[in-house]
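Engineer: let's see this in three dimensions:
(one chain, ligands or ions: 1)
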Amino acid sequence: MTTCREIAAQMVAPGKGILAADESIATMSKRLQEAAVAPTEENRRIYRELLSTAPGLSDSVSGIIFCDETVRQTFSDGTPFPQAVRALGILPGIKVDTGAKPCPGLPGETITEGLDGLPARLAEYAELGAAFAKWRAVFTIGPDTPSRGAIRANANALARYAAACQAAGIVPIVEPEVVMDGAHNRGRCRDVTNEVHAAVRTELEYLNVDLAGIVLKPNMVVEGDDYAGQSTPEEVAELTVTVLRAWPDDLAGVAFLSGGQSPERATANLEAMQSHQTPWPLTFSFGRALVSPALAAWHGDPELIGAGQSALIDRVAANGAAARLRAELQSA
Ligand code: 5MM
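Structural biologist: Model (predicted):
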């Protein structure tokens, strides 16, 4: 049986990253509507099949994260998504949190839910073919947020999720996201990301989570959307790696989220990270920075499936090249 450590190593293999296609039904429907596509179950299926079957995807993508709806759907030839993507050389993953909900006692802050019944759900997802899972905690920077309560509650939930995944033989992607909303500078993002990661590490340790069998999915350290000015890739890389250095060497790897950065900026930042020596690989687990151009190119037209796939492959190849850079720099 393949262990969590082996699966995690495959997920962050040199030059490979993860495609986040796990938008909830509500988010996916909104994105389809924005692209003038009817938000139907069948269109969500067609779109995920378009992404999964892009020619050459497995050259730079080790895994795709799906949501519950997709893992129960099939390709147009009738093969269930998990088996179909495995046949294409890609590991299927499943988002198992049920969303960030208002946190009682902490006005304006959220707690990510989904722990109730999680072991049984994980057993079913393993049965359906999932190799890994994902859980996202959300932290917003404000004058008084994130609060200590929100950090501790979400870190504890992330650790309970991770422990449950490893017990089920499923690799947990641990995603603590400090979002880009706000006018803060990158130094404040660094401090908050540091504090969040410290809490997550503590809770993972309390619950005996094996770091070599998880993939960390953090935000890059960047200024808020409303901050005047934009950090360079070198500045982002420097601060991000500084924060990450607190993670032990045995962590399997780091796969960044894109967080609303433009596709080009996310890739440039990922590329700049590679000139820093770290004990774990640094790769991508982008959603919007990979799929937005594909959705725009396809916009629901059956004649434009190939155009959508080419747009996806352009982004995937650029990020795969960025993630491969360090290995190339080291062997040069
Ligand atoms: C694909 O979007 C995921 C969440 O969707 P919902 O909000 O609908 O549940 C999200 O967790 C995503 O996997 C990560 O945030 C990374 O995506 P980005 O677009 O930030 O790279």
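
Engineer: what sits against the residue in the stretch 151-300 of the chain that the ligand sits nearest to?
Structural biologist: As assessed by CB to the nearest ligand atom, the ligand sits closest to Gly287 within the stretch 151-300 of the chain, at 2.8 Å. C-beta coordinates here come from the backbone N, C-alpha and C atoms, glycine included. Gly287 sits next to 19-23, 257-258 when contact means CB atoms under 8 Å, 6 or more residues apart in numbering.

Engineer: ok, 10 Å please
Structural biologist: Applying CB atoms under 10 Å, 6 or more residues apart in numbering, one finds that Gly287 lies in contact with 18-23, 27, 31, 65, 257-260.

Engineer: any idea how far Ala321 is from it?
Structural biologist: Distance of Gly287 to Ala321, computed by CB to CB, to the nearest Å: 19 Å.

Engineer: how many residues are close by Asp181?
Structural biologist: Applying other CB atoms under 10 Å, we find 15 residues neighbouring Asp181.

Engineer: per-residue confidence at it?
Structural biologist: The per-residue pLDDT reported for Asp181 equals 98.

Engineer: ok, the one 3 residues further on next?
Structural biologist: Note for His184: predicted pLDDT of 98.

Engineer: any idea how far it is from Gly117?
Structural biologist: Distance of His184 to Gly117, given as CB to CB: 37 Å.

Engineer: quick one: which of those two has more around it?
Structural biologist: When neighbours are counted by other CB under 10 Å, His184 comes out ahead of the other of His184 and Gly117, with 21 against 8.

Engineer: element containing the more buried one?
Structural biologist: According to DSSP states H and E, His184 maps onto no helix or strand at all.

Engineer: please give me every residue in contact with it.
Structural biologist: Each residue near His184 by CB under 10 Å, 6+ apart is listed here: 141-143, 178, 191-192, 222-227.

Engineer: tell me which stretches of the chain form helices.
Structural biologist: For the chain, the helices defined by DSSP state H occupy 4-11, 25-34, 41-52, 68-71, 81-87, 118-128, 148-167, 186-206, 233-244, 263-273, 288-298, 305-331.

Engineer: and the closest residue to Leu19 other than its chain neighbours, bridged to which residues?
Structural biologist: Leaving aside its chain neighbours, Leu19 sits nearest to Ile64 (4.6 Å; criterion: CB to CB, 6 or more residues apart in numbering). Applying DSSP bridges to Ile64 gives these bridge partners: Leu19, Pro92.

Engineer: how much space between Ile64 and Ala130?
Structural biologist: Taken as CB to CB, the span from Ile64 to Ala130 is 11 Å.

Engineer: between these two, what contacts are shared?
Structural biologist: With CB under 10 Å, 6+ apart, Ile64 and Ala130 have common neighbours 82, 91-93.

Engineer: show the pLDDT at the one residue in the stretch 51-200 of the chain that gets nearest to the ligand.
Structural biologist: Proximity of the stretch 51-200 of the chain to the ligand (CB to the nearest ligand atom) peaks at Arg136, 4.2 Å away. pLDDT, Arg136: 99.

Engineer: what about it, neighbour count?
Structural biologist: Neighbours of Arg136 under the rule other CB under 10 Å: 20.

Engineer: contact partners for it?
Structural biologist: 20, 22, 95, 97, 99-100, 112, 154, 158, 173-177, 217, 257.

Engineer: Thr267 versus that one, what's the distance?
Structural biologist: 21 Å.

Engineer: residues near the nearest residue to Gly129 once chain neighbours are set aside, how many?
Structural biologist: Nearest residue to Gly129, sequence neighbours excluded (CB to CB, 6+ apart): Pro82, at 3.1 Å. Pro82 has 24 neighbours, counted by other CB under 10 Å.

Engineer: rewinding a little: of the contacts of Gly287, list those near the ligand.
Structural biologist: For the ligand, the contacts drawn from the contacts of Gly287 by CB under 6 Å from any ligand atom are 20, 22-23, 27, 65, 257-259.

Engineer: export the residues you listed to JSON lines and tack on neighbour count?
Structural biologist: Shown next, in JSON lines, are these (neighbours: other CB atoms under 10 Å):
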{"residue": "Ala20", "neighbour count": "28"}
{"residue": "Asp22", "neighbour count": "26"}
{"residue": "Glu23", "neighbour count": "24"}
{"residue": "Thr27", "neighbour count": "13"}
{"residue": "Ile65", "neighbour count": "25"}
{"residue": "Leu257", "neighbour count": "25"}
{"residue": "Ser258", "neighbour count": "27"}
{"residue": "Gly259", "neighbour count": "20"}
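
Engineer: TSV for those, including pLDDT?
Structural biologist: Shown next, in TSV, are the ones next to the ligand among the contacts of Gly287 (pLDDT from 0 to 100):
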residue	pLDDT
Ala20	99
Asp22	98
Glu23	98
Thr27	98
Ile65	99
Leu257	99
Ser258	98
Gly259	98
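
Engineer: ok so, going back, so for the residue nearest to Gly129, what's the pLDDT?
Structural biologist: pLDDT for Pro82: 99.

Engineer: before we move on, what about Glu328?
Structural biologist: On pLDDT, Glu328 comes in at 84.

Engineer: ok, now the one 3 residues further on?
Structural biologist: Looking at Ser331, its pLDDT reads 76.

Engineer: thinking again about what came up before, between the helices of the chain, which one is nearest to Ser58?
Structural biologist: Ser58 lies closest to helix 81-87 among the helices of the chain, at 8.8 Å (CB to CB).
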